[in-house]
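Asker: Just to be clear, the model below is a prediction. Sequence and coordinates:
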Amino acid sequence: MGDTLMTYTGPRSGEYAVIRGVTHRCTYSPNDDRVVLKTKQADNPDATLFDWHERYGGWVAQLTSEQCDRVYSARSYGRWQGHRVAIDSVADGVATVTYADNNGGWAAVNGFTEVDRYEYRRDVPAAELGDVHEEQRDLGFTRWRDRTFEGHQ
């Protein structure tokens, strides 16, 4: 078995599609089951998927979830001073986090800034974060369940 170099790309937050084993950031619309991939890289990343989109100024691919190996959302979480936080970014040893627990009053008196109604954010030393993990949610599950078990109530 060969050595595999693992690289950490940082906390993820958003929607992703796996197509032919390659993970792409995407947007997913469940109403019309549309997966959209966009990139502004110079060369077409996959001529069988992407077309040039003049108005966007980059390469765009539109698929359905059935054309993907997987469509999911991902968000990174951890604990800071015993409270659950969502990790938005990490740079130079500092993590920007959003309070994700159930005591907004605690967040307000512990240095978090209310950036939106009931949404609190602050920077914390990344080394103080514990239980860091990524949570993923399959975005196509409801559609698959309804299609697979249609009429089996």
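Answerer: In hand now; what should we look at? Numbering: from 1, shown residues only.

Asker: Double-check that Gln136 belongs to a strand.
Answerer: Yes. Secondary structure assignment places Gln136 in a strand (DSSP: H, G, I helix; E, B strand; the rest coil).

Asker: so it sits right up against Ser73, yeah?
Answerer: Yes. The criterion here is CB atoms under 8 Å, and Gln136 meets it with Ser73 at 6.9 Å. (Glycine included, C-beta is placed from N, CA and C.)

Asker: So between the two, which is more surrounded?
Answerer: Ser73 (16 against 12; other CB atoms under 10 Å).

Asker: Just grab the bridge partners of the more buried one for me.
Answerer: Glu15, Arg137 (DSSP bridges).

Asker: just checking, it touches Glu134?
Answerer: No. Taking contacts as CB under 8 Å, Ser73 lies outside contact range of Glu134: 10.5 Å.

Asker: give me every residue that touches Lys38.
Answerer: If you count contacts by CB atoms under 8 Å, 6 or more residues apart in numbering, Lys38 has them with 53, 56, 58-61.

Asker: Pull out the buried members of these.
Answerer: Taking 16 or more other CB atoms under 10 Å as the criterion, what is buried in these is 59, 61.

Asker: Nearest to Gly105 among the contacts of Lys38?
Answerer: Tyr56 (43.3 Å; CB to CB).

Asker: before we move on, the earlier item: let's see which of the contacts of Lys38 end up in helices.
Answerer: Assignment to helices by DSSP state H places none of the contacts of Lys38 there.

Asker: least trustworthy position among the contacts of Lys38, going by pLDDT?
Answerer: Lowest in pLDDT among these is Tyr56, which has 91.

Asker: That residue - nearest residue in space that isn't next to it in sequence?
Answerer: Nearest residue to Tyr56 in three dimensions, chain neighbours excluded: Lys38, at 6.3 Å (CB to CB, 6 or more residues apart in numbering).

Asker: Kindly report the same for Gly58.
Answerer: Lys40 (3.8 Å).

Asker: Glu134 contacts Arg12, doesn't it?
Answerer: Yes. Counting by CB under 8 Å, Glu134 touches Arg12, with 6.3 Å between them.

Asker: tell me, what's touching these two both at once?
Answerer: Taking CB under 8 Å, 6+ apart as the contact rule, Glu134 and Arg12 both touch 74-76.
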